[in-house]
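Student: no FASTA, just this:
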């Protein structure tokens, strides 16, 4: 899978940036911090995600003084070429088009383009609270199964209603209607748990392999489900709800279900959170993304675009070399786009752009 060209208008600090005739292989954006390297990488990711991990709302994506931002690009894949266009207003819903035809759902874009973005913010997956790891789990589910993009939101809707019932209940015994909400929680929660478990089964081994190649150490990746996954999952879920029934009524909140899942990460048989060094933690976060890219490649038979923001700064010199070798090997199968402040970390690349004040100039261009 490759991006033939990309155009950004009024996105972050890029007033109008066009990258034409993008080659295969390893592509590099180089420049000082704060000049727009990450913003350009982010704009490419918008073609897949219609948003970015760096912004909870669309407003920060739109250049100051403008009402909307645009990202356009043409993607070539085994299915053919597709023109992707995304319009992001400062407020309101984004508009998407594929081959000039409007589409309503993000999954409609993901039929044509798959991309994985790794950034320093991913360090929170390893060292942050469990909510960050659950977020990664759900991103992995959607990346591997675009049609599963409603599983998390469907579960959240049931969870909110059940929590409201528990919170508003007064008096002894169970709230009226709790059993009905229990069953809905089991159905929605089981679907989400199965999807998360399947995603970890694909991503975990690939992430561990990447971590060993880059660091020489072992990375353990295990799905820590809040409900028993051995045996009948639905029956195990119901049994756990029955066990915690009185606690839930007393505390007026739901204590059982995938909203309390976690992803156990270990480095050299020690828990990564709290015991891994900064370099090991960053390496683990990066390798989770690289593992996801490898899992997508196995799932669809084609490597996704891999976008990596500032990957070298958190690693020692030896691991930088190993990471460079790994990224160049991946670039033999699909484009890999990397941002760096120091071009010396990268080595040989197919093309290099210098980024200054939201403008991109290809090295060697007139």
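Tutor: Done, it's in. This one's a predicted model, so the numbers in the text were calculated from it and none came from an experiment. Residues are numbered from 1 along each chain as shown.
Student: Where does pLDDT dip in this protein?
Tutor: Low-confidence segments of the chain (pLDDT under 70): 270, 274-275, 365-366.
Student: In it, spot the helix with the most residues.
Tutor: Scanning the chain for the helix with the most residues, using DSSP state H, yields helix 178-215.
Student: which other helices and strands contact that one?
Tutor: Counting contacts by 3 or more CB pairs under 8 Å, 6 or more residues apart in numbering; DSSP states H and E, helix 178-215 packs against helix 130-144, helix 151-168, strand 219-224, helix 233-243, helix 278-300, helix 317-330. Bear in mind the C-beta positions are built from the backbone N, C-alpha and C, glycine included.
Student: what comes up buried for the fifth one?
Tutor: Applying a neighbour-count criterion of 16 or more other CB atoms under 10 Å, the buried positions in helix 278-300 are 280-297.
Student: The fourth one now?
Tutor: Using 16+ other CB under 10 Å as the burial criterion, the residues of helix 233-243 that qualify are 233, 236-238, 240-241.
Student: on that earlier part again, can you give me the angle the longest helix of the chain makes with helix 233-243?
Tutor: Between the axis of helix 178-215 and that of helix 233-243 there is an angle of 120 degrees, by axes from the mean of the first three to the mean of the last three CA atoms, to 10 degrees.
Student: how close does residue 89 get to residue 95?
Tutor: Here the distance between residue 89 and residue 95 works out to 8 Å (CB to CB, to the nearest Å).
Student: Also residue 297?
Tutor: In terms of CB to CB, residue 297 sits 30 Å off from residue 95.
Student: same check, this time on residue 177
Tutor: Taking CB to CB, one finds residue 177 at 40 Å from residue 95.
Student: Over to residue 185?
Tutor: 35 Å.
Student: Which of these two has more residues huddled nearby?
Tutor: Neighbours were counted for residue 185 and for residue 95 using other CB atoms under 10 Å; residue 185 has more, 24 against 16.
Student: any idea what sits nearest that one, other than its immediate chain neighbours?
Tutor: residue 158 (5.3 Å; CB to CB, 6 or more residues apart in numbering).
Student: so that neighbour makes contact with residue 182?
Tutor: No: the criterion here is CB atoms under 8 Å, and residue 158 misses it with residue 182 at 9.9 Å.
Student: Need the nearest residue in space to residue 33, chain neighbours excluded.
Tutor: The spatially closest residue to residue 33, leaving aside those adjacent along the chain, is residue 341, at 6.0 Å (CB to CB, 6+ apart).
Student: Actually, residue 59.
Tutor: Excluding the flanking residues, the one nearest residue 59 by CB to CB, 6+ apart is residue 90, at 5.3 Å.
Student: wait, what's in contact with residue 239?
Tutor: Contact partners of residue 239, counting by CB atoms under 8 Å, 6 or more residues apart in numbering, are residue 228.
Student: again, only using 10 Å
Tutor: 227-228, 231-232, 256 (CB atoms under 10 Å, 6 or more residues apart in numbering).
Student: ok, now residue 118?
Tutor: 41, 282, 285-290, 292-293, 306-311, 338.
Student: Quick check, central residue of this protein?
Tutor: residue 139 (4.8 Å; CA atoms, centre = their mean).
Student: Shouldn't residue 112 be within a helix?
Tutor: No: counting by DSSP: H, G, I helix; E, B strand; the rest coil, residue 112 falls outside a helix, being coil.
Student: burial measure for the residue lying closest to residue 52 once chain neighbours are set aside, as a count.
Tutor: Excluding the flanking residues, the one nearest residue 52 by CB to CB, 6+ apart is residue 42, at 4.7 Å. For residue 42, the count of nearby residues is 27 (other CB under 10 Å).
Student: thinking again about what came up before, using JSON lines, please lay out the contacts of residue 239 together with distance to residue 271 and secondary structure.
Tutor: Shown next, in JSON lines, are the contacts of residue 239 (distance: CB to CB, whole Å; DSSP: H, G, I helix; E, B strand; the rest coil):
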{"residue": "227", "distance to residue 271": "22", "secondary structure": "coil"}
{"residue": "228", "distance to residue 271": "22", "secondary structure": "coil"}
{"residue": "231", "distance to residue 271": "27", "secondary structure": "coil"}
{"residue": "232", "distance to residue 271": "30", "secondary structure": "coil"}
{"residue": "256", "distance to residue 271": "24", "secondary structure": "coil"}
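Student: Give the buried subset of those residues as a PyMOL selection command.
Tutor: Buried members of the contacts of residue 239, defined by 16+ other CB under 10 Å, are picked up in PyMOL with:
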select buried, resi 227+256
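Student: so how far is residue 202 from the residue nearest to residue 59?
Tutor: Shown here: residue 90 relative to residue 202, a distance of 37 Å by CB to CB.
Student: one step back: find residues that contact each of residue 89 and residue 95.
Tutor: With contacts taken as CB under 10 Å, 6+ apart, residue 89 and residue 95 have residue 68 as neighbours in common.
Student: in terms of contact, does residue 356 touch residue 33 like I think?
Tutor: No: look at residue 356 against residue 33 with CB atoms under 10 Å: they stay out of range, at 11.9 Å.
Student: So the residue nearest to residue 33 is in contact with residue 310, correct?
Tutor: Yes: counting by CB under 10 Å, residue 341 does reach residue 310; the two are 7.1 Å apart.
Student: Pick out whichever of these two has more residues nearby.
Tutor: Neighbours were counted for residue 341 and for residue 310 using other CB under 10 Å; residue 310 has more, 19 against 14.
Student: Sounds good, over and out.
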